[in-house]
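K.L.:
Please find the sequence and the predicted model below.
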Amino acid sequence: MWHDERGSGEPVVLLHGGLTDSRCFDGNLDQLASNFRLYLPDRRGHGRTPDMPGPITVELMARDTIAFLEDVVGGPAKLVGYSAGGTVALRLALLRPDLVEKLVLVSAAFDPGGLVFKPSAGGALPEQILDAYDEVSPDGRDHLHVVVRKIVDAVATEASPKPSELLAVTCPTLVLAGDDDLVTLEHTIAMYRALPRAQLAVVPHASHLLLMEHPDLVKDVVATFLSTDPSATLMPIRRTDTV
């Protein structure tokens, strides 16, 4: 996996969305490098990391990231996943909770059923996405259609965790989404409720592209979560047993 490293301090790994690469954090969450050691990998078939024979599934990408944490980061870290990167980060937290100190899920879904519409193959890809892929991919512009097909096949066939299984994610987790997100608000709330140590933030007047729409707000919310422990609230209901 190609990756970039920036800043110093406790390790934070940023996992990009689908059909993009780690450049999606430019001008927003890359500002966390002022307080943390940032690791920005490109997942298989994305950005500067070449595709490999075989499928591209959430499970495989989670296991790639486990190897990245062990071999490059050198141990546990705070994980921040955006969109499909959040789905990968969540799967990693289920597979290896010992490697995740804190978890941030930005516009992420634990099941494709939580998306307003699912990825599809066969149609024309936006030129902006093709151009960005072509700028850095070692596989060439036309290979993006192959990657899209692999992702669509994985979405159709790969099993997703049930809400009850998310109880196994015991690290502090921030669930963050836009109020007009590609991930339905109902799904976002279901994920928040299923994660035992979750906090919820919904950004007003924001879509699935909230990183670009509200870069400073998202950065500040994520930075506060990563750098501080929450104080007890004055009137806990959901968290009564944890105060």
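P.N.:
Nice, thanks for sending it over.
K.L.:
Wait, Leu60 touches Asp51, no?
P.N.:
No: taking contacts as C-beta atoms under 8 Å, Leu60 lies outside contact range of Asp51: 11.6 Å. Glycine gets a C-beta too; all of them are placed from N, C-alpha and C.
K.L.:
any residues in contact with both of these two?
P.N.:
By C-beta atoms under 8 Å, 6 or more residues apart in numbering, Leu60 and Asp51 have these common neighbours: Arg44.
K.L.:
buried set for stretch 175-193?
P.N.:
Val175, Leu176, Ala177, Gly178, Asp181, Leu182, Val183, His187, Thr188, Ala190, Met191, Tyr192 (16 or more other C-beta atoms under 10 Å).
K.L.:
who's in contact with it?
P.N.:
83, 104-111, 113-117, 163, 166, 195, 198-210, 213, 218, 221-222.
K.L.:
Now with 6 Å, please.
P.N.:
With contacts defined as C-beta atoms under 6 Å, 6 or more residues apart in numbering, stretch 175-193 is touched by 105-107, 109-110, 114-116, 198, 200-204, 206-208, 210.
K.L.:
Give me the distance between it and the centre of its chain.
P.N.:
Its chain's C-alpha centre and that of stretch 175-193 lie 13 Å apart, by C-alpha atoms, centre = their mean, to the nearest Å.
K.L.:
Quick one: buried ones out of the contacts of stretch 175-193?
P.N.:
For the contacts of stretch 175-193, buried by 16+ other C-beta under 10 Å: 105-107, 109-110, 114-115, 198, 200-203, 206-208, 210.
K.L.:
before we move on, the earlier item: keep only those of the buried residues of stretch 175-193 that are in helices.
P.N.:
His187, Thr188, Ala190, Met191, Tyr192 (DSSP state H).
K.L.:
just those now: which is nearest Leu90?
P.N.:
Top of the list for closeness to Leu90, among these and by C-beta to C-beta, is Met191 at 8.3 Å.
K.L.:
State the distance from the closest one to Val88.
P.N.:
15 Å (C-beta to C-beta, to the nearest Å).
K.L.:
tell me the average confidence for whatever helix or strand Val222 lives in?
P.N.:
Using DSSP states H and E, Val222 falls within helix 215-227. On average, the pLDDT along helix 215-227 is 98.
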